[in-house]
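Student: Take this sequence and fold it.
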Amino acid sequence: MDNSYLLIFSLLLGCLASTVPVFMALFFAGTVGLVFVVGIDPQIVIEVLYRSMDKFALVVVLFFVLCGNIMTTGSIVAKLIKTANVLVGFLPGGLAMAGVLACGFFGAISGSTVATVVAIGGFMIPALIENNYDEKFSVGIMTTAPILGVIIPPSIAMILYAMVSNDQIEALFLTGFIPGLLIMLAMSGYAYFVCKKRGMKQLPRPSLAEVFAVLRESVWALMLPILIFGGIYSGLFTANEAAVVACFYAFFVEIVLHRDMKLKDVKKVIVASAITSSTLLIIVAGASVFGEFLTFEQIPGKIASVVVDNIASPWVFLLSVNILLLFIGMFMDIISATLILTPIFLPLLGKFGIDTMHFGLIMTINLGIGYCTPPLGVSLYISSATVDRDIIYITKAVLPFLVIQILILFVLTFFPDVVLLLPRLVYG
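Tutor: Predicted coordinates for the structure are as follows:
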């Protein structure tokens, strides 16, 4: 590798290691590369920043962030948890299974793992412990189950991947349903057998009248994912429009129907969403500058040539990529990693005959698992604050569930038809 490339990548890694914010590390390394290695006018960097923000696909990210905050502020989250609990809470490990199911419900609306950890994990971990579930088990399952937030559509990571790969967002969303369901079933199955073996206390089985009463109470909350996906796949509106419709619907339900949000709360929700969205957009901008340097120097193409010359089998390539992405996920957030790595891997996919949507799902799960792996897994720190335990304790708690998720990841990697079944059925 050229010494100038080593300098730029060393600069990037050095900034990240010294706790410089990710967007600044990417922006600084990319700017140095463009100006001093490529030799372009520094004003080009300003143009790159503008182009990175001038993407219509980012609108859907901003509105799904807002939708997630509306639900967290109001009572939709509580009603989703209550619904999940009445459906499976009476089984061995039922409350833990209800937490996993609630993560699936919430992920089908918010598109964010962090939002799912805060909204569901912050409520369910204390609830599990109060119901005499083992603390380590409770922390482990509710720290890892929120990965469903980036797998079950809508997914912010998938939206950004589609923005780079030019895949159809609606089709890419479909790749997440079956993998999300498999992870939910596997984690719920593990909870069932562990809790049954330990003789955990079960909640009484609800009567049909109680089930219908909870469903009737939660009907407006349950209609939200149906509205989003029904509208998208019926052709009534696009993914971007679905995000806007979801926000208006959530506001209407919380303010008018549930009456658990006041008009004075609207400003607070919008400001909080703006702060979260601006954080995401700043990372997109910083990553775009670094990506521009990679493009100018044709580094993705050079990497593709080296990989193709040394790896002949697509299976070996996918195995290598999985290991690499799991490692990267330990140190880099999913937004930055998706924006930086997607342009590098895309030229390789055609050479190995790998579907870009299949790869997008694999990348999303890999990097989503990174939320639960040390040293920088955000979910670990959120759960650590929830139960006031150190990061080593939390890491040990999540290990069994990470093994489950990694096993499912490898099944999905080597059986692409499972991932691509729904997109092929819907779009041919």
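Student: how many neighbours does residue 132 have?
Tutor: 10 (other C-beta atoms under 10 Å). In short, each C-beta sits where N, CA and C put it, glycine included.
Student: Which secondary structure state is assigned to it?
Tutor: When classified by DSSP: H, G, I helix; E, B strand; the rest coil, residue 132 comes out as coil.
Student: if I read this right, it contacts residue 200, doesn't it?
Tutor: Yes: assessed by C-beta atoms under 8 Å, residue 132 is found in contact with residue 200 at 7.3 Å.
Student: Is there a neighbour count for residue 145? I'd like the number.
Tutor: 33.
Student: Phi first, then psi, for it.
Tutor: phi -60, psi -30 (degrees, to the nearest 10).
Student: Is it correct that it is in contact with residue 100?
Tutor: Yes: between residue 145 and residue 100 there is a contact under C-beta under 8 Å: 4.6 Å.
Student: which residues are in contact with both of those two?
Tutor: 184, 187 (C-beta atoms under 8 Å, 6 or more residues apart in numbering).
Student: Contacts made by the lowest-mean-pLDDT helix or strand in the chain with the rest, please.
Tutor: When the helices and strands of the chain are scored by mean pLDDT, DSSP states H and E, helix 299-310 comes last with a mean of 73. Residues from elsewhere that reach helix 299-310 (C-beta under 8 Å, 6+ apart): 5, 294, 317, 343-348, 351.
Student: which of the residues you listed has the most neighbours?
Tutor: Top of the contacts of helix 299-310 by neighbour count (other C-beta under 10 Å): residue 345, with 23 neighbours.
Student: What helix or strand is that residue located in?
Tutor: Secondary-structure assignment from DSSP states H and E places residue 345 in helix 334-352.
Student: how far does the least confident helix or strand of the chain sit from the chain's center?
Tutor: 28 Å (C-alpha atoms, centre = their mean, to the nearest Å).
Student: Would you reformat the contacts of helix 299-310 as a markdown table and include distance to residue 41 and pLDDT?
Tutor: Converted to a markdown table, those look like this (distance: C-beta to C-beta, whole Å; pLDDT from 0 to 100):
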| residue | distance to residue 41 | pLDDT |
| --- | --- | --- |
| 5 | 21 | 74 |
| 294 | 19 | 80 |
| 317 | 38 | 89 |
| 343 | 23 | 86 |
| 344 | 25 | 84 |
| 345 | 30 | 88 |
| 346 | 28 | 88 |
| 347 | 27 | 85 |
| 348 | 32 | 86 |
| 351 | 34 | 84 |
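Student: and these as CSV, adding distance to residue 157?
Tutor: Below are these laid out as CSV (distance: C-beta to C-beta, whole Å):
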residue, distance to residue 157
5, 27
294, 20
317, 21
343, 15
344, 16
345, 14
346, 16
347, 21
348, 20
351, 24
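Student: does the spatially most central residue of the chain count as helix, strand or coil?
Tutor: The chain has residue 150 as the residue nearest its centroid, 2.3 Å off, counting by C-alpha atoms, centre = their mean. Following three-state DSSP, residue 150 is assigned to helix.
Student: Is it in contact with residue 368, as I believe?
Tutor: Yes: using C-beta under 8 Å, residue 150 makes contact with residue 368 at a distance of 4.4 Å.
Student: Identify the contacts common to the two.
Tutor: 113, 157, 334.
Student: So which of these is the closest to residue 128?
Tutor: residue 113 (19.2 Å; C-beta to C-beta).
Student: so how many other residues sit close to the closest one?
Tutor: The number of residues near residue 113, taken as other C-beta under 10 Å, comes to 30.
Student: Next one: it from residue 205, what distance?
Tutor: 32 Å (C-beta to C-beta, to the nearest Å).
Student: Kindly report the same for residue 299.
Tutor: From residue 299 over to residue 205 (counting by C-beta to C-beta), the distance is 59 Å.
Student: same question for the helix or strand that contains residue 209, mean pLDDT?
Tutor: Using DSSP H and E, the element containing residue 209 is helix 208-217. Averaging pLDDT along helix 208-217 yields 90.
Student: Equivalent analysis for stretch 118-137, please.
Tutor: In the prediction, stretch 118-137 has an average pLDDT of 85.
Student: measure that stretch end to end?
Tutor: 18 Å (C-alpha to C-alpha, to the nearest Å).
Student: Name the residues that touch that stretch?
Tutor: Counting by C-beta under 8 Å, 6+ apart, 68, 71-72, 77-78, 81, 95-96, 98-99, 102-103, 106, 110, 138-139, 142-143, 145-146, 191, 194-195, 198, 200-201, 379, 382-383, 386-387, 393, 396-397 sit against stretch 118-137.
Student: Put the buried members of those residues into a ChimeraX selection.
Tutor: Here is the ChimeraX command that selects only those of these that count as buried (16 or more other C-beta atoms under 10 Å):
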select :68,71,72,77,78,81,95,96,98,99,102,103,106,110,138,139,142,143,145,146,191,194,195,200,379,382,383,386,387,393,397
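Student: Inside helices: which ones of the contacts of stretch 118-137?
Tutor: In this view, the contacts of stretch 118-137 that belong to helices under DSSP state H are 68, 71-72, 77-78, 81, 95-96, 98-99, 102-103, 106, 110, 138-139, 142-143, 191, 194-195, 379, 382-383, 386-387, 393, 396-397.
Student: all strands of this structure, in order?
Tutor: Under the criterion DSSP state E, the chain carries no strands.
Student: Low-confidence stretches in it?
Tutor: 1-2, 201, 300, 304, 308, 376, 428 (pLDDT under 70).
Student: relative orientation of the lengthiest helix in it and helix 299-310 in degrees?
Tutor: Identified as the longest helix of the chain according to DSSP H is helix 263-296. Per axes from the mean of the first three to the mean of the last three C-alpha atoms, to 10 degrees, the angle that helix 263-296 makes with helix 299-310 is 60 degrees.
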